[in-house]
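Peer 1: The following block contains a protein sequence and its predicted model.
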Amino acid sequence: MKTRAITAFFFTIVMLGSIFLGAYTFTFFYLLLSLMALAEFYKLIRNSGIKPHTGIGLLTGGVIFLALASCYFLKFEARYLLLLIPLLVSVFIAELYRKEKAPFSDISYTFVGLIYTTIPFCFFYALGFSFSGDTYNWHLPLAFLLMLWASDTGAYLFGRKMGKHKLFERHSPKKTWEGFFGGVLTSVLVAMAVSFYFKEIAAPVWVGMAVLVVSFGTLGDLVESMLKRSLDVKDSGTLLPGHGGVLDRFDGLLIAAPVVFTYLYLVLN
C-alpha cells in the first residue's frame, strides 16, 4: 500500500507537470506515453504466441502522433497523413517473408494495437488544441484527467463501503454498480468545481463530459481487464510499482478520450 501511494504521488506530479509546462512538453510526454502503451500491448499479445510487427507498429504510431502534432504546430494539412500508407503496406510485405502459422493474426494485432492505444492518445492530445483556435490550452486535458481520477477514487470508496451489486463480475469481480454511481457523483462534483474556474465552457457541458468520462472510462477498464484475463496476466507491465504498467493506468482514457472529443466537437461547434 505504501509503495502504491508513493507511486501515485509522483505519478500525479509528473502528469500535472506534463500539462502545465507548455505545448512542447505536453506533446513529447504524450508521444512517449502512447508509444509505451503500444509497446506494452504488443508485448502482452506476444505472450499468447502471436507475433505482431512491433518495430513497424511503433514507427507507425509515432508518425501518426507527430503528424497530428504537426497540424497544430506547423499547420500541416490532414492530407499529409497519406504518407502513412507505405508504412501500413509494409506490414503486409514484412509478413510475406515470415514463416508463421497465423500470418493474418500477426497483421491484425499490429493494427489493433494502433487503434487501441495510439488513436485514443491522439484524441486526448487533441483536447489541448482543437477547441482553442489550434493554440495550446491545458484546461480540457486537465479537466479530463481530474474527472477520470475522481471517477476512480469515487468508485473505490463507494464500492468498498456500499458495493453489493456486481457491475461485470466475469471481467472485473471487484467493480460494483454502487462504485460506478459513486464515481459518477464524484466526477460530476469535480466538473461543477471546474466550471467555476474554466468559464469558456458552460457548466452543463462540463457535467456531460464528466458523465461520459466515468461511463466510458469504466468501459475502458473492463476492456483492459478482459484483455488481461484472456492472456492470463495480472498487470500489463511493471513500470509503475503497485499500479502495473501504462495500460493499467490509462485504460479508462483509451475508450473515453475519443468519445469525449466527439461530444465536445458536436456540442461546441
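Peer 2: Okay, I see it. Residues are numbered from 1 along each chain as shown.

Peer 1: I'd assumed residue 130 was in a strand, is it?
Peer 2: No. Looking at residue 130 with DSSP: H, G, I helix; E, B strand; the rest coil, it is coil, so not inside a strand.

Peer 1: wait, what's in contact with it?
Peer 2: For residue 130, the contacting residues are 261, 265, by Cβ atoms under 8 Å, 6 or more residues apart in numbering. C-beta here means a position set from N, CA and C on the backbone, and glycine is covered the same way.

Peer 1: Please tell me how far the helix or strand residue 225 falls within is from the chain's geometric centre.
Peer 2: For residue 225, the element it lies in under DSSP states H and E is helix 203-231. Centroid separation for helix 203-231 versus its chain: 10 Å, with Cα atoms, centre = their mean, to the nearest Å.

Peer 1: That one: which residues count as buried?
Peer 2: Residues of helix 203-231 classed as buried: 205-225, 227-228 (neighbour count, 16 or more other Cβ atoms under 10 Å).

Peer 1: just stretch 109-123 next, same as before
Peer 2: For stretch 109-123, a neighbour-count test (16+ other Cβ under 10 Å) marks 109-110, 113-114, 116-123 as buried.

Peer 1: now, among those residues, which is nearest to residue 8?
Peer 2: Distance to residue 8, by Cβ to Cβ, is smallest for residue 121 among the buried residues of stretch 109-123, at 20.7 Å.

Peer 1: got a list of what the residue lying closest to the closest one once chain neighbours are set aside touches?
Peer 2: Counting by Cβ to Cβ, 6 or more residues apart in numbering, the nearest residue to residue 121 once its immediate chain neighbours are dropped is residue 34, at 3.7 Å. By Cβ under 8 Å, 6+ apart, the contact list for residue 34 reads 61, 65, 117-118, 121-122.

Peer 1: likewise residue 121?
Peer 2: Neighbour list for residue 121: 30, 33-34, 37, 65, 250, 253, 257 [criterion: Cβ under 8 Å, 6+ apart].

Peer 1: let's go with 7 Å and repeat that
Peer 2: Going by Cβ atoms under 7 Å, 6 or more residues apart in numbering, residue 121 touches 30, 33-34, 37, 65.

Peer 1: Let me have those residues in TSV, extended by distance to residue 20, secondary structure and pLDDT.
Peer 2: Formatted as TSV, those follow (distance: Cβ to Cβ, whole Å; DSSP: H, G, I helix; E, B strand; the rest coil; pLDDT from 0 to 100):
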residue	distance to residue 20	secondary structure	pLDDT
30	14	helix	95
33	16	helix	94
34	20	helix	95
37	22	helix	94
65	21	helix	93
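
Peer 1: for the stretch 1-150 of the chain, which spans come out with low pLDDT?
Peer 2: Counting by pLDDT under 70, the ranges of the stretch 1-150 of the chain that qualify are 1-5, 76-80.

Peer 1: residue ranges of the helices in it, please?
Peer 2: Secondary structure of the stretch 1-150 of the chain by DSSP state H, counting those that start in this stretch: the helices cover 2-20, 23-46, 54-73, 84-96, 103-113, 119-126, 139-162.

Peer 1: Any chance of those helices in TSV with distance to residue 185 as columns?
Peer 2: Shown next, in TSV, are those (distance: least, Cβ to Cβ, whole Å):
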stretch	distance to residue 185
helix 2-20	21
helix 23-46	29
helix 54-73	34
helix 84-96	42
helix 103-113	34
helix 119-126	24
helix 139-162	6
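
Peer 1: Could you double-check that residue 126 sits in contact with residue 261?
Peer 2: Yes. With contact defined as Cβ atoms under 7 Å, residue 126 reaches residue 261; the gap is 6.1 Å.

Peer 1: My read is that residue 245 contacts residue 41, right?
Peer 2: No. Contact criterion Cβ under 7 Å: residue 245 and residue 41 do not qualify, at 9.7 Å.

Peer 1: For the residue nearest to residue 121, give its distance to residue 205.
Peer 2: 27 Å (Cβ to Cβ, to the nearest Å).

Peer 1: Residue 175: what secondary structure?
Peer 2: Residue 175 - assigned by three-state DSSP - is strand.
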